[in-house]
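>>> Predicted model, plus sequence, below.
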Protein chains: 2
Amino acid sequence: VSAPAGRDRPPRAGVLVTGTEVLTGRVRDRNGPWLAERLRELGVDLAYTTIVGDRPQDMRAALQFMREQGIDVIITSGGLGPTADDLTAEVVGEFQGREMVLDEALADRIAQIVRPLLKRWPNIDPEAIAAANRKQATIPRGSSVLEPVGTAPGLVVPAQQPGAGPTIVVLPGPPRELQPMWKQALEAEPLHAALAGATVYHQRTLRLFGIPESEIAETLRIAGREGVELGRLEVTTCLKRGEVEVVTRYEPDAQDAYDAFVQVVRTRHPDTLFSQDGSTVDEQVAELLRGYRAPSDAPARPARRRTLATAESCTGGLLAARLTERPGSSDYFSGGIVAYSNEAKASQAGVAPELIERHGAVSGEVAQALADGARMRLGADIGVGITGVAGPGGGTEQKPVGLVWLSVTLDGAEPITRSVNLPGGRADVRERATTIAMHLLLRALSDA
Amino acid sequence: VSAPAGRDRPPRAGVLVTGTEVLTGRVRDRNGPWLAERLRELGVDLAYTTIVGDRPQDMRAALQFMREQGIDVIITSGGLGPTADDLTAEVVGEFQGREMVLDEALADRIAQIVRPLLKRWPNIDPEAIAAANRKQATIPRGSSVLEPVGTAPGLVVPAQQPGAGPTIVVLPGPPRELQPMWKQALEAEPLHAALAGATVYHQRTLRLFGIPESEIAETLRIAGREGVELGRLEVTTCLKRGEVEVVTRYEPDAQDAYDAFVQVVRTRHPDTLFSQDGSTVDEQVAELLRGYRAPSDAPARPARRRTLATAESCTGGLLAARLTERPGSSDYFSGGIVAYSNEAKASQAGVAPELIERHGAVSGEVAQALADGARMRLGADIGVGITGVAGPGGGTEQKPVGLVWLSVTLDGAEPITRSVNLPGGRADVRERATTIAMHLLLRALSDA
């Protein structure tokens, strides 16, 4: 498919997230990031994500802004619910100069969907339901309907004339409704046309752990001096969960420039570069536990499956929750202990009370005893122990808030036991500690 | 302080989040929501939050849009780092018509801050550090400097003439730097002037659990018919973690209208309205465990402290992690067991293997045995057990993905054991199950 006449650049998109609850921070927006990723895969350039409240004038102003910036496709999320503050379909219809009409067949289909739900709430007023159905089935004339996943239909609302303005895709707010409906939207003709002519950029990710972001800035300067064509690469770096992520976007014919850049990073950061293929530490740990080697260029070794158990104090279950986020984690995750009190450390993980008395609950000795206890009690090959001061209270001069001891033990190998002083508040300390535990695990598994 | 001449409305703000990593969804924006809450407390009306990548033209267009919409204060986050893609200070300086100048004293202060950090990375190139310091100390002439919390200074950059455009507050991206610097910014004179004349709205929150959002829409219609002055209330409702949250904003003299609205909600939803003061189920459970009564209008009862232990299968530690999010949770949280495998259910929580064989690991019997096991093994007063099929695999016709059994047991009281069929993906099922566990706990503690 070639680009529409008069356009010699990739299509540009904008995401308009609506909802006072999102704007005011009461609900986290998960749709903007998800749509951003989908657009990237399509080679569409996302320029803006704007969040507005449930106020029609602000929604209109944001749509107008995106039209003025030459945006080809606007995707809205939210504001399709049954309450009066759900205004998106109406505002978009008006913006595109399209009258609102009741689609009777759609109202019937919504009624069908709602019927079984009513069983869960037998005392509900049927009039409330009928009014909600009619509201949700009133749509701009000439738009394509995306069949509801929940009860709200989505819409693809074209401009009055092809090319005379953006195509607007109207999607519901709940991610589990929005995501399948986006796939439907891609098949609608007006969106198809608006997205024509996209260049599929390459995007590659490097991940490093244990260096400051400024080191990457310097590496970029060095790469430039060494003749790497940085002008052909769009490099962005960021700190994420304590790791430095380097994402590079480039047109397919700039592959050589990217390869040269990676070579410079490899040379300067041999110990801290842990991912060259974008894989996360979570993925690498999971693969190694399953007995596979994650980094493709590592020497092949005999595969051996291993199981893992955790004993956590300050992280309170976060590491176990992170490990079990992955489907299929029961293949290698035996279980965990959240030993918050000293009694629980003793009774659940078998930490000797004398050890706690002698070294304190936050110590390398106790971290290692927790790791061993988890391993023994749960019959796993590898144990991880974490104990620390997450704050805000409980810190002392010797053991300040942010001090965390971690240990990874594994039968027949030296235990890896480390302390770190983590910055930030309680949530930061807990999250960062789980990341460090993942990296210690990665190290233990790579060496084993 | 009165509003600047010519303005008879509350000041309006816009938040501009910069960073390709945020726009593309690789990093979650935590600053927009946090700033939204701070602005609300100040009575400032947040109109837009816009996310742009590290592209100066897009940043400029978004600033221009906010100026055209009559925004009085723009707060930017991100783009102050040491790498070349960090452009915010420069773009804002140019937008406000202010030349960029190197602040030598500031460069020295940054050098002082950076010095101790260098010890952690002894092999770092000092030239890289010096260049980073100079870049971060180059600021628009006439702006107020906000002292760095990390290494990046923030800025308050006024318009050329007072009232001739927005005041722009430039803050760094990491939340733990941004948050203290926002407090500094509030003391800077240009921001102080721009925020003058704010009306402090009241905002109140109701929370309901176990009804669909459409029921609240109907309650609003009924309230209107019964004469509640809804025009004076800005009511927004949303589904959040499986709960319905009803947030109402109103001017102080509309208190009577709000009280009348609450009365209607109370009458229509006596069983499902669990919070009238905005307190969350997490807060209420914590207070009840500490021996306090959370709902202020409940009859006073003798206070009794209780301790809690968890045994989780499908949620894999998420409930323990949620309970230990709160500082001081060690007062009532004894510990938890993540019994992912059947062996762990037996060895750690004492679940009889016959019980699993007879009823299956996902059953009310096993949920209750997990709760009892957690309570006994960890010596706690209350036990919570969760077992379910989080998916995407592992579902059967009898026990589909999303089926979760939960149980709360407490010495001397009937156990509360329930099953639910939760929609959505693995992450949704796991998160929703922890919310339901919190509500079962709330019920058990309120009845006890």
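That came in fine, so what should we check first?

>>> Relative to its centre, which residue of chain A is most distant?
A:E354 (42.9 Å; CA atoms, centre = their mean).

>>> What's the local residue count around the closest residue in space to A:T205 that isn't next to it in sequence?
The shortest distance from A:T205 to any non-neighbouring residue, by CB to CB, 6 or more residues apart in numbering or on different chains, is to A:G278 (3.5 Å). (Glycine included, C-beta is placed from N, CA and C.) Neighbour count of A:G278, defined by other CB atoms under 10 Å in any protein chain shown: 13.

>>> helix/strand/coil for A:G278?
Three-state call for A:G278 (DSSP: H, G, I helix; E, B strand; the rest coil): coil.

>>> thinking again about what came up before, for the residue farthest from the centre of chain A, what are its contacts?
If you count contacts by CB atoms under 8 Å, 6 or more residues apart in numbering or on different chains, A:E354 has none.

>>> Pop out the phi and psi values for it.
phi -60, psi -40 (degrees, to the nearest 10).

>>> any idea how far it is from A:T50?
Going from A:E354 to A:T50 by CB to CB, to the nearest Å gives 60 Å.

>>> just A:G379 next, same as before
53 Å.

>>> Ok, A:A427 next?
For A:A427, the distance to A:T50 - CB to CB - is 27 Å.

>>> Between A:G379 and A:T50, point out the one with more neighbours.
A:T50 (29 against 14).

>>> Same question for the longest helix belonging to chain A: list its buried residues.
When chain A is parsed with DSSP state H, its longest helix is helix A:426-447. For helix A:426-447, the neighbour count (16 or more other CB atoms under 10 Å in any protein chain shown) marks A:426, A:428-442, A:444-446 as buried.

>>> Give me the subset of these that also touch chain B.
A:R426, A:D428, A:R430 (CB under 8 Å from any CB of the partner chain).

>>> which stretches of the stretch 51-200 of chain A form strands?
A:73-77, A:100-102, A:138-140, A:144-146, A:154-157, A:167-171 (DSSP state E, counting those that start in this stretch).

>>> what's the closest of these to chain B?
strand A:73-77 (12.8 Å; CB to the nearest CB).

>>> Give me the buried positions along that closest one.
Result for strand A:73-77 [16+ other CB under 10 Å]: buried residues A:V73, A:I74, A:I75, A:T76, A:S77.

>>> Packing partners of it?
strand A:12-18, helix A:31-41, strand A:167-171 (3 or more CB pairs under 8 Å, 6 or more residues apart in numbering or on different chains; DSSP states H and E).

>>> List of residues touching that strand?
Against strand A:73-77 from outside (CB under 8 Å, 6+ apart): A:11-18, A:29, A:31-32, A:35, A:44, A:63, A:66, A:88, A:92, A:166-173, A:178, A:182, A:191, A:194-195.

>>> Each with direction, which strands does that strand pair with?
Under the criterion DSSP bridges, strand A:73-77 sits next to strand A:12-18 (parallel), strand A:167-171 (parallel) in its sheet.

>>> got these as CSV, with mean pLDDT and distance to B:A107 columns?
Listed next are the strands paired with strand A:73-77 as CSV, based on pLDDT from 0 to 100; distance: least, CB to CB, whole Å:
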stretch, mean pLDDT, distance to B:A107
strand A:12-18, 96, 38
strand A:167-171, 97, 48
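
>>> wait, which of the ones next to chain B among the buried residues of helix A:426-447 is closest to A:T409?
A:R430 (21.6 Å; CB to CB).

>>> Pretty sure the closest one sits against A:E312.
No - in this structure A:R430 lies outside contact range of A:E312 using CB atoms under 8 Å: 9.4 Å.

>>> what do these two both touch?
Joint contacts of A:R430 and A:E312 (CB under 8 Å, 6+ apart) are A:L318.

>>> Stretch A:337-350: end-to-end distance?
11 Å (CA to CA, to the nearest Å).

>>> what comes up buried for it?
A:337-342, A:344-350.

>>> Could you list which of these also contact chain B?
Restricting the buried residues of stretch A:337-350 to those near chain B - CB under 8 Å from any CB - leaves A:I337, A:V338, A:A339, A:Y340, A:S341, A:A344, A:S347, A:Q348.

>>> sec struct for the closest residue to the last one other than its chain neighbours, please.
It stands for A:Q348. Closest residue to A:Q348 apart from its sequence neighbours, by CB to CB, 6+ apart: A:I337 at 4.7 Å. Three-state call for A:I337 (three-state DSSP): strand.

>>> was I right about A:I337 contacting A:A371?
No - between A:I337 and A:A371 there is no contact under CB under 8 Å: 10.6 Å.

>>> Can you pull the residues that touch both of the two?
Common neighbours of A:I337 and A:A371 (CB under 8 Å, 6+ apart) are A:A311.

>>> quick one, what contacts A:L239?
With contacts defined as CB under 8 Å, 6+ apart, the neighbours of A:L239 are A:E213, A:E245, B:P174.
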